[in-house]
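**Q** with the input below, show me the fold.
(2 chains)
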Amino acid sequence: MTSVVETRATGLTGPIARTVDVGVERRSFADVARDHLDRLYGFCVRLTNNPSDAEDLVQETLLRAMRAYGDLRDPSRTKGWLFAIATNTRRDLYRAQGRQVATVPLETTGAEGDEFSLFETIAIEDPFPYSDELHLDFLRLFHDDDVRAVFGSITSVFRLPLILTVIHGFSCKEAAAILDIPLGTLLSRLHRGRKQLERGLWDYAVANGLVTTTDEDER
Amino acid sequence: MIDCREAVRRMWAYIEHELEAKPVAEFEAHLDTCQRCCGELEFSRHVREMVAEREDTTPMPSDLRSRIEAMLAGANDAKEGSA
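**A** Have a look, this model is predicted:
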């Protein structure tokens, strides 16, 4: 099996082994790229948080991918390969523009913030006192737009591991390779992202009147 | 034996099947004795499922798609021309 590291190397500057023709005709880059255009665009929108930047990023990613396509050893990994190129391209574009790629603030790397538990908060606040499915009823409050709003509020470095694993179905190892970070870092950020998601769901529900908290009851 | 805090920390990695054998064994041993973490694990699966179902279906803008199609067609033409 081709190493996931391939996704990190391909499309960048390092030399890697070329594809070996073994008699099976390789699909054209255009055909392969078309299979992934919508998902690549969606990923770029989430990478940049800006539709205009996403358009530039998609085009630059495809240009780089086109040039490096001959280096892609395992076509079944095309999606991850494109996502890795997009991640690196965004970093290069931001650097060229003098913009900062989001990094992890030191104060968010520790245990602080780990204390909040949505599971426990729902149980304690008991927003649906007559419900037999308290936790599920809480989740049922959220429509697509609500979830997207909460998801979009998660710090980018913590949101990306969630996007790659939960939404796009990459393994954590593949996601780590795409983001060019160690697996342990990926797992840590996945946990932090999950915690921000939980906190975001609760805060959003309170702020938008989806639930009434104990404090409000007592006023 | 791990405590609830450590169990919660491992929970999503467990759901993603990304824990090694020993941490899995420790986590599952904790579940055997902790109804609360069993409940949170089930809830976490539902939260994950909710997010996964909201996969971004934002369609690519038609003008961008047109530009990309032109770029891809140009690449094919160049390849055929050089063959």
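
**Q** any idea how far chain B is from A:C44?
**A** A:C44 sits 10 Å away from chain B, going by Cβ to the nearest Cβ, to the nearest Å. Heads up, the C-betas are built off the backbone N, CA and C, glycines and all.

**Q** what about that residue, helix or strand, and which?
**A** Applying DSSP states H and E as the criterion places A:C44 in helix A:37-48.

**Q** likewise B:V8?
**A** helix B:4-15.

**Q** with A:A84 instead?
**A** helix A:78-96.

**Q** re the thing from before, and the helix holding A:C44 with helix A:78-96, angle?
**A** 40 degrees (axes from the mean of the first three to the mean of the last three Cα atoms, to 10 degrees).

**Q** name the helices or strands packed onto the helix holding B:V8?
**A** Counting contacts by 3 or more Cβ pairs under 8 Å, 6 or more residues apart in numbering or on different chains; DSSP states H and E, helix B:4-15 packs against helix A:183-207, helix B:21-33, helix B:35-53.

**Q** any idea of the angle the first one forms with helix B:4-15?
**A** In other words, helix A:183-207. Going by the same axes, to 10 degrees, helix A:183-207 makes 110 degrees with helix B:4-15.

**Q** mean confidence for helix A:183-207?
**A** On average, the pLDDT along helix A:183-207 is 93.

**Q** hmm, stretch A:153-172 touching chain B?
**A** Yes. Interface with chain B: stretch A:153-172 contributes A:L162, A:T165, A:V166, A:I167, A:S171, A:C172 (Cβ under 8 Å from any Cβ of the partner chain).

**Q** got the end-to-end distance for that stretch?
**A** 22 Å (Cα to Cα, to the nearest Å).

**Q** what does stretch A:150-158 give?
**A** Start-to-end, stretch A:150-158 (Cα to Cα) is 13 Å.

**Q** ok, and for it, which residues are buried?
**A** A:V150, A:F151, A:I154, A:S156, A:V157, A:F158 (16 or more other Cβ atoms under 10 Å in any protein chain shown).
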